[in-house]
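**Q** Model the structure of this input:
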Amino acid sequence: MDQVKAGVIYLQENAKERDMREVVKRGYQEGDFYALYGVRENPTDWQERVLQSFADMLSTGNSILDWGAGTGYPYDRWLWQRGMKITAVESSEKHIEQGIANLPDITWIHADFTSLNWPAESYDGLVMLYSLLHIPRSEQAALLRKGADLLKPGGVFLLTVNERASDTDCDFEEGWANGPGMAFSHFDLADNLQMLTDAGLQIAQTMHEKEQAGGEPFVWVLCRKP
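**A** Numbers count the residues shown, from 1 in each chain. As a prediction, this is how the structure comes out:
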């Protein structure tokens, strides 16, 4: 059984035995992610170009669902400013309270997005930025199929995936963001793109963030539902 000392989880068993959702939720709730990494009201120039590519495939007034919205900054804010109707789903109480303060005119849902179901073909766009890596790998293919199903024909999906696979089904980082820790689980780029294709989506564009911003090896993927 794990021990908790001074807010840090010390694992006595492999991290994959832990409920990832609770680790992720607690990590964001008790950690200080935004204070440590900063909060931007606006995306970087490179991110804005990617968001513009996403918006160019949609129309003003289209409905967009965001899985793992955080505080809504900067991505939902940018899309809302361009006339999109945003529904933002976030599991962290702390982040959703800040999100409502940041963007009171969009729809907020306080929930684990993987536990919710939506009618088929109910949204024009789906956004999932930096959140797929917090879902167990064993569940990701089914989740991406769910995402494809909720998109209308011609709908657009923008997400970030990892370029490299995690070492285990659940990698755990102690003290992440000065909090109790964080869990990560992800495939490599080839497997991520295959899962999207298997979900019936067409890959429109892949953009390597690390080459542009010098950060983590993330890839932004833009897909369309036929």
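**Q** any idea which strand is longest in this structure?
**A** strand 151-162 (DSSP state E).
**Q** Counting by contacts, list what that one packs against.
**A** helix 45-56, strand 123-128, helix 189-198, strand 218-224 (3 or more CB pairs under 8 Å, 6 or more residues apart in numbering; DSSP states H and E). (C-beta placed from N, C-alpha, C; glycine too.)
**Q** strands paired with the helix or strand harbouring residue 203, and their directions?
**A** Following DSSP states H and E, the helix or strand that holds residue 203 is strand 202-208. Sheet pairing of strand 202-208 (DSSP bridges) gives strand 218-224 (antiparallel).
**Q** Deepest-packed of the helices and strands packed on strand 151-162, please.
**A** With neighbours defined as mean count of other CB atoms under 10 Å, the helices and strands packed on strand 151-162 peak in mean count at strand 123-128, which reaches a mean of 23.
**Q** Helices of this protein, residue ranges please.
**A** Along the chain, counting by DSSP state H, helices occupy 20-30, 33-37, 45-56, 75-81, 93-102, 137-150, 189-198, 209-213.
**Q** Low-confidence regions, this structure specifically.
**A** Within the chain, the ranges that satisfy pLDDT under 70 run 1-18, 37-38, 210-216.
**Q** For stretch 52-60, give me every contacting residue.
**A** For stretch 52-60, the surrounding residues in contact (CB atoms under 8 Å, 6 or more residues apart in numbering) are 64, 79, 82-84, 124-125, 127, 156, 158, 204-205, 222, 224.
**Q** If you could redo that for stretch 125-133, that was the one I meant.
**A** Stretch 125-133 is contacted from outside by 54, 58, 62-68, 75-76, 79, 84, 113, 140, 143, 147, 150-151, 155-162, 166, 184-186, 192, 218, 220, using CB under 8 Å, 6+ apart.
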